[in-house]
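Asks: any chance you could fold what I've pasted below:
(chains A and B)
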Protein chains: 2
Amino acid sequence: MDEFALIQRFFASAQADNPSVVCGIGDDAAVLAPTAGTQLVACTDTLVAGRHFLPDANPYDVGWKSLAVNLSDLAAMGATQRWFLLALTLPEADEAWLAGFADGLAACAQRYGIALVGGDTTRGPLTITITALGEVRRGQAMRRDAAKAGDLIALTGPVGEGAAGLAVLQDPALAEQLHDASAQVLIQCYARPKPRLAHGQLLAGLAHAAIDVSDGLLQDLGHVLGASSVGAAIDLAAIPTSKALRTVPDIEQRQQWQLAGGDDYELLVTLPRNALDEAQSRLAHANLPPLRVFGEIRAEPGLVEAQTGTTFSA
Amino acid sequence: MDEFALIQRFFASAQADNPSVVCGIGDDAAVLAPTAGTQLVACTDTLVAGRHFLPDANPYDVGWKSLAVNLSDLAAMGATQRWFLLALTLPEADEAWLAGFADGLAACAQRYGIALVGGDTTRGPLTITITALGEVRRGQAMRRDAAKAGDLIALTGPVGEGAAGLAVLQDPALAEQLHDASAQVLIQCYARPKPRLAHGQLLAGLAHAAIDVSDGLLQDLGHVLGASSVGAAIDLAAIPTSKALRTVPDIEQRQQWQLAGGDDYELLVTLPRNALDEAQSRLAHANLPPLRVFGEIRAEPGLVEAQTGTTFSA
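Replies: Got it, this is the predicted structure:
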């Protein structure tokens, strides 16, 4: 299969007409014009069929999600999304699948304004690797190792919905227990996650550390604590929970999804107490939901449960 | 498998201690400091087991080659190699294979001075995707669409060795026809290609168009002619042939490998006639072999065979 013809045909709409793309798809490599005063931010994520998405998953959703999970990594650094490359390994040239995949990918690229600038198409077991490139103002990237004792710990939104959505897809009995609307909301959270790019960009320079909660809240918080050599106290009752998730009757299961489910793409950030007002004000001005504080960083290593109702930001 | 632990353990030696890496492996994304006055060059290439390398291939060679083919794409743009990301899909944590692969990858990274800055490790059918990032002085990238009528067409070195090396590996009868030394040279050309980064960097700003001949000489020349809307005349007898390849007795087979074999990583460049002396002088000063002129770009589309012995650069 001629990779250029294939990519050109299906991915034309993801190639934004963008002056920063000096030379895009079709050469040995892309040539890109960086923005003065910025640092480059780069990440790569692979989705393997049968492991990262269900074998019968809607190809549109697979296309959306394969880019969205990478954008979420850029968001966690506070970066502005710019360009991406797609390495697509396909068992055969299944045009219907490819067209759906390309539509979902292009929709996500257009929604978040990022340009497809290169790629490679190979024959083999279905595997999608995307490398996303972004930019951040020099020195303002939010790193995992930058949390400081006394920081507040906050989320950009509710967690647990991704894991709940996957469960709804896999368990018809669970789906029947829920209102259709709630089930649909949860499935959408799983299938078409929304990277918190705007949150990340507004918080860069204010927040110390950030991470996306794609591995599960406790595990990702653990990554921050470990990298920063600090501990934390959190109030489990203060972890934000969506209306849709609250319709799931089994409270224990719900909490399990919230703490360990993964496949959520909210950001967990730590920020100095005195930066919270400015952060909330920036988010409010951008019509974005406020940060939800649910804990604080402490000097002593380890994670402890704070008394329910603790007001960390007081 | 914990991807960070795995990557940290096996790939530590490919992570150069490099001031341009502000934040490397272990965060959501890498943060990199670009060089002022440059443009970013980015490419991605996937190697699938059983398709791009033999199932029983030496893992060291697979590691070397998976990076080298990407470096060759940077070379073809005239870029300076800077950083790379590795997306590795593995059927199981085979430590012996992984150690060999990591050694070959690290050897290539160290030989060419490029830093591993991020990656993703997933479980699934063996697939390796590398994204390489480089930099080129603003406006000096060598593009496929930049060949001009009157340009000379040249190669940085002999072609046909990659395909010959693969044939030697696959056909014991052929191997027996050759001296051991020749067979080994050809196998090395196939298994551990040498990207022509230094050539590319010295020719950027002098040459108009460039491409690496990884798909085969005629096909890659065709890419340049098509993208540039020009034609060419070439002298088949002037295509450089290595001493090792000349020991293959079947002349027709040899020419087939040279014209259509692929898996060569020399650069094909087109450059104005009056830039040839300066190009050769730059290469000589860097102790690099000279360009080998074998044709010229013409305004009329199509590829024609010039009379043997035509001196294009006269």
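
Asks: tell me the contacts of residue A:166?
Replies: When contacts are counted by CB atoms under 8 Å, 6 or more residues apart in numbering or on different chains, residue A:166 is found next to A:190, A:263. (Each C-beta comes from the backbone N, C-alpha and C, glycine too.)

Asks: actually residue A:55, not the one I typed
Replies: residue A:49 are the contacts of residue A:55 under CB under 8 Å, 6+ apart.

Asks: now do 10 Å
Replies: A:49, A:126 (CB atoms under 10 Å, 6 or more residues apart in numbering or on different chains).

Asks: quick check: bridge partners of residue A:211?
Replies: Applying DSSP bridges to residue A:211 gives these bridge partners: residue A:268.

Asks: just the pLDDT for it.
Replies: Residue A:211 carries a pLDDT value of 97.

Asks: before we move on, what about residue A:5?
Replies: pLDDT, residue A:5: 69.

Asks: same question, residue A:192
Replies: The model reports residue A:192 with a pLDDT of 95.

Asks: count the neighbours of it for me.
Replies: 19 (other CB atoms under 10 Å in any protein chain shown).

Asks: for chain B, see how far away the residue nearest to the spatial centre of chain A is.
Replies: Geometric centre of chain A, nearest residue: residue A:72, 2.8 Å, by CA atoms, centre = their mean. Between residue A:72 and chain B the computed distance is 8 Å (CB to the nearest CB, to the nearest Å).

Asks: so what's that residue up against?
Replies: With contact set as CB under 10 Å, 6+ apart, residue A:72 has these partners: A:43, A:45, A:132, A:193-197, A:200, A:211-214, A:264-267, B:28-29.

Asks: and it, which of the three is it?
Replies: Here residue A:72 takes the helix state, with states given by DSSP: H, G, I helix; E, B strand; the rest coil.

Asks: how many other residues sit next to residue A:277?
Replies: Residue A:277: 10 neighbours (other CB under 10 Å).

Asks: could you do residue A:67 as well?
Replies: 28.

Asks: check the one 4 residues further on too.
Replies: A count of neighbours around residue A:71, defined by other CB under 10 Å, yields 30.

Asks: wait, doesn't it sit right on residue A:201?
Replies: No: with contact defined as CB atoms under 10 Å, residue A:71 does not count as touching residue A:201 (11.7 Å).

Asks: so what sits against both of those two?
Replies: Residues touching both residue A:71 and residue A:201 by CB under 10 Å, 6+ apart: A:79, A:81, A:134.

Asks: OK, contacts around the first one?
Replies: Contacts were defined as CB under 10 Å, 6+ apart; by that measure residue A:79 touches A:38-43, A:71, A:73, A:132-137, A:140-142, A:197, A:200-201, A:204, B:28-29, B:31.

Asks: next up, the contacts around the nearest residue in space to residue A:278 that is not next to it in sequence.
Replies: Once flanking residues are discounted, residue A:278 sits nearest to residue A:206: 6.1 Å by CB to CB, 6 or more residues apart in numbering or on different chains. Residue A:206 sits next to A:78, A:140, A:142, A:269, A:271, A:272, A:275, A:276, A:278, A:279, A:282 when contact means CB under 10 Å, 6+ apart.

Asks: sort out for me which of those residues are in helices.
Replies: A:276, A:278, A:279, A:282 (DSSP state H).

Asks: from those residues, list the buried ones, please.
Replies: A:276, A:279, A:282 (16 or more other CB atoms under 10 Å in any protein chain shown).

Asks: how close does the residue nearest to the centre of chain A get to residue B:53?
Replies: 32 Å (CB to CB, to the nearest Å).

Asks: one more: residue A:103?
Replies: Applying CB to CB to residue A:103 and residue B:53 gives a distance of 33 Å.

Asks: comparing these two, which residue is more hemmed in?
Replies: In terms of neighbours (other CB under 10 Å), residue B:53 is the more surrounded of residue A:103 and residue B:53; the figures are 21 against 17.

Asks: is chain B contacted by the host helix or strand of residue A:87?
Replies: Using DSSP states H and E, residue A:87 sits in strand A:80-90. Yes: legend: contact between strand A:80-90 and chain B by CB under 10 Å from any CB of the partner chain is shown at A:82, A:83, A:84, A:85, A:86, A:87, A:88, A:89.

Asks: for that strand, give the mean pLDDT please.
Replies: On average, strand A:80-90 scores 95.

Asks: show me how far that strand is from its chain's centre.
Replies: 15 Å (CA atoms, centre = their mean, to the nearest Å).

Asks: and that strand, which strands flank it?
Replies: strand A:115-123 (parallel), strand A:127-137 (antiparallel).

Asks: format these as CSV; extra columns: mean neighbour count.
Replies: As requested, the strands paired with strand A:80-90 are exported to CSV (neighbours: other CB atoms under 10 Å in any protein chain shown):
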stretch, mean neighbour count
strand A:115-123, 23
strand A:127-137, 26
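
Asks: check these for me: which has the lowest mean pLDDT.
Replies: Among the strands paired with strand A:80-90, strand A:115-123 scores lowest, with a mean of 91.

Asks: which residues in chain A form strands?
Replies: A:21-23, A:30-32, A:38-48, A:80-90, A:115-123, A:127-137, A:152-155, A:209-212, A:231-234, A:267-271, A:292-298, A:302-305 (DSSP state E).

Asks: tell me the strands beside the last one, with direction?
Replies: Using DSSP bridges, the strands paired with strand A:302-305 are strand A:231-234 (parallel).

Asks: which of the residues of strand A:80-90 next to chain B tops the neighbour count?
Replies: Going by other CB under 10 Å, residue A:84 tops the residues of strand A:80-90 next to chain B with 30 neighbours.

Asks: contacting residues for that residue?
Replies: Here residue A:84 is in contact with A:14, A:43-44, A:66-67, A:70-71, A:74, A:105, A:108-109, A:114-119, A:130-134, B:42, B:44, B:131 (CB under 10 Å, 6+ apart).

Asks: can you check residue A:104 too?
Replies: A:58-68, A:191-192.

Asks: out of the residues you listed, who's nearest chain B?
Replies: residue A:66 (11.7 Å; CB to the nearest CB).

Asks: ok, how many other residues are close to that closest one?
Replies: 24.

Asks: show me the contacts for it.
Replies: Contacts here follow CB under 10 Å, 6+ apart; on that basis residue A:66 touches A:45-47, A:52-53, A:84, A:86, A:88, A:101, A:104-105, A:108, A:128-130.

Asks: what do you get if the cut-off is 6 Å, keeping everything else the same?
Replies: Neighbouring residues of residue A:66 by CB atoms under 6 Å, 6 or more residues apart in numbering or on different chains: A:47, A:128, A:130.

Asks: hey, what's the second one bridged with?
Replies: It stands for residue A:128. Going by DSSP bridges, residue A:128 forms beta bridges with residue A:47, residue A:88.

Asks: ok, it to residue A:271 distance?
Replies: If you go by CB to CB, the gap between residue A:128 and residue A:271 works out to 34 Å.

Asks: next: the last one.
Replies: When CB to CB is applied, the distance between residue A:130 and residue A:271 equals 29 Å.

Asks: same check on the first one?
Replies: Distance from residue A:47 to residue A:271, counting by CB to CB: 31 Å.

Asks: comparing those two, which residue is more hemmed in?
Replies: Between residue A:47 and residue A:271, residue A:271 has the larger neighbour count (other CB under 10 Å), namely 25 against 22.

Asks: my guess is the more buried one meets residue A:205, correct?
Replies: No: at 10.4 Å, residue A:271 does not count as touching residue A:205 under the criterion of CB atoms under 6 Å.

Asks: and for residue A:205, nearest residue in space, chain neighbours not counted?
Replies: residue A:140 (4.5 Å).

Asks: residues in contact with that neighbour?
Replies: Residue A:140 neighbours (CB under 6 Å, 6+ apart): A:78, A:204, A:205.

Asks: grab the nearest non-local neighbour of the first one.
Replies: Translated: residue A:78. residue A:204 (2.6 Å).
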